[in-house]
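Asker: need a structure here:
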Amino acid sequence: MTSSARNLRHLLGSARRATVNRARTGTVRARRSVLPAAQMTAAGVGAYVISEQLLGHETPLFAAVAALIAMGFTKELRLRKVVEVAVGCTLGVFLADMLVHGLGAGVLTAVIAVFLAVMLARFLDPGAMFAMQMGLQALLVVMVPVPAEAALGPFTRSVDAVVGGVVALAITLITPKDPRGEPVRELKAVTQTLTVSLRDVSAALRSSDSRQAWHALIRARGLQTQIDESTRALTAAKELTQFSPAHRRHRHYVRKLERVADKLDLAVRSLRVTARRTVSTIDHAALSDAGTENLATAVQGLADASVQLSRAVGESGPGFEKSMDAARDELAAVAITLHPKRLEISDLEGEALVLLIRTMVVDLLEATGSTHDDAVAYLPAL
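Answerer: Numbering: from 1, shown residues only. Now for the predicted structure:
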């Protein structure tokens, strides 16, 4: 086979793999977008129908446009953002209507309206897409003639924008989707990665392999993005459970998840420092064989407890408390061993590593629902 034929075969193979990967990713993305797409459809069409059929407005396009912009397209609807965008759309249309009423339709009016609408959009939301949509909306308000039969004249479109915003808000509040879904998925991902990182640290200690500890550190650093995602998802869920009658029954569970997320954030920060110190400890051969084995066993115990944490965040009601109790018991069993003498560690660097692990254990115990004082009480006095 010639080199050109091999290159062609390689290119075709790469193209096929890229196509398959994109198709697979697109399928997953589309499957997860069914509900948001249905929400946007209901908001846009519903706002149009209400303005047309109930209010008698002719071709109320701005009702549909305002509803679609307010809904947006995100994994989790945030109530505050829907309100902000809905108000922004209404103000943008009203501003353009005022300019048309005062200056008349024309190029100069369009320039002023679009500029002010874009500036308003940037004030309300950092997204470039929102600014583009607001600018386009203002341009249409100026350039599209007002229907002759409009009951409120140029301000009919402002009323349509209000209708669109109200419909978007109503759909956000009554949507039957469980607000716990996204936070649970994100927190489970965090706890699962935490488990893998802890097991890597334990294995690195047993095999005296600092590279494996370094890999655990890299993985722990990558956890921050997942934690930030879980925080955003919990914020959205908290807003919905506070204001939506359909989801209010979940508010206590969401508060518990929020506490778990806060303490896991601290635990992951402690893990990063612990993994970095483990690399140094292994490179300097600072631990005896007995100390190495005891410390590796303790870290493995933390990994096993984090598995229980992962189970807990995926359950509600009695299952949540039961798994949290199991995690707390396993963490407590590790905590009582975390004294340098009990672990047969006498080197200063090894003692520093034990102190770091003690901090992480306290964070994890608080994630299970323990108070700070109760968590500290499990640790042997130094």
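
Asker: low-confidence ranges in the stretch 151-300 of the chain?
Answerer: Along the stretch 151-300 of the chain, the model assigns pLDDT under 70 to residues 151-154, 176-178, 246.

Asker: again, but for the stretch 1-150 of the chain
Answerer: By pLDDT under 70, the low-scoring segments of the stretch 1-150 of the chain are 1-3, 73-80, 146-150.

Asker: what about 50?
Answerer: Residue ranges of the stretch 1-150 of the chain with pLDDT under 50: none are present.

Asker: Please tell me how far the residue lying closest to Leu343 once chain neighbours are set aside sits from Arg157.
Answerer: Distances taken as Cβ to Cβ, 6 or more residues apart in numbering place Asn294 nearest to Leu343, at 4.2 Å, with adjacent residues excluded. For every residue, glycine as well, the C-beta is placed using N, CA and C. Look at Asn294 and Arg157: by Cβ to Cβ, to the nearest Å, they are 73 Å apart.

Asker: Would you check that my belief about Glu182 contacting Ala233 is correct?
Answerer: Yes. Here Glu182 reaches Ala233: they are 4.1 Å apart, a contact under Cβ atoms under 8 Å.

Asker: related to what we said a few turns ago, in terms of neighbours, single out the busier of Asn294 and Arg157.
Answerer: The neighbour comparison of Asn294 against Arg157 (other Cβ atoms under 10 Å) goes to Arg157, with 30 against 18.

Asker: In space, what's closest to the more buried one - neighbours in sequence excluded?
Answerer: Per Cβ to Cβ, 6+ apart, closest to Arg157 is Phe62, 4.6 Å.

Asker: now that neighbour: how far from Gly127?
Answerer: For Phe62 relative to Gly127 (Cβ to Cβ), the value is 20 Å.

Asker: More neighbours: which of the two?
Answerer: Phe62 (31 against 14).

Asker: so where does that one fall, helix or strand?
Answerer: helix 61-71 (DSSP states H and E).

Asker: Contacts for that helix, please.
Answerer: 36, 39-40, 43-48, 50-51, 57, 77, 82, 85-86, 89-90, 93, 130, 133-134, 137, 140-141, 144, 157, 160-165, 167-169, 171-172 (Cβ atoms under 8 Å, 6 or more residues apart in numbering).

Asker: got the residue ranges for the helices in the chain?
Answerer: Secondary structure of the chain (DSSP state H): helices at 3-32, 34-49, 61-71, 79-103, 107-124, 128-143, 156-174, 181-207, 210-243, 251-283, 289-313, 318-335, 348-367, 372-377.

Asker: can you tell me how far Thr172 sits from Met40?
Answerer: With Cβ to Cβ as the criterion, Thr172 and Met40 are 11 Å apart.

Asker: try Ile218
Answerer: From Ile218 to Met40 the distance is 39 Å (Cβ to Cβ).

Asker: before we move on, what about Gly72?
Answerer: From Gly72 to Met40 the distance is 8 Å (Cβ to Cβ).

Asker: Then Leu353?
Answerer: To Met40, Leu353 is 52 Å away according to Cβ to Cβ.

Asker: For the protein, which residue occupies the most central location?
Answerer: Note on the chain: the residue nearest the mean C-alpha position is Glu229, at 2.6 Å, using Cα atoms, centre = their mean.

Asker: Was I right to think that residue contacts Glu186?
Answerer: Yes. Using Cβ under 8 Å, Glu229 is in contact with Glu186, at 5.0 Å.

Asker: Number of residues surrounding Asp289?
Answerer: There are 9 residues near Asp289, going by other Cβ under 10 Å.

Asker: now do Ser310
Answerer: The burial count for Ser310: 20, using other Cβ under 10 Å.

Asker: That one reaches Gln192, doesn't it?
Answerer: Yes. The criterion here is Cβ under 8 Å, and Ser310 meets it with Gln192 at 5.7 Å.

Asker: could you flag which of the contacts of helix 61-71 are buried?
Answerer: 36, 39-40, 43-44, 46-48, 50-51, 57, 77, 82, 85-86, 89-90, 93, 130, 133-134, 137, 140-141, 157, 160-165, 167-169, 171-172 (16 or more other Cβ atoms under 10 Å).

Asker: Using the record's domain definitions, break this structure down for me.
Answerer: 35-174, 181-377 (automatic domain parsing).

Asker: among those, which is nearest Ser14?
Answerer: Relative to Ser14, the nearest member of those by Cβ to Cβ is domain 181-377, separated by 26.6 Å.
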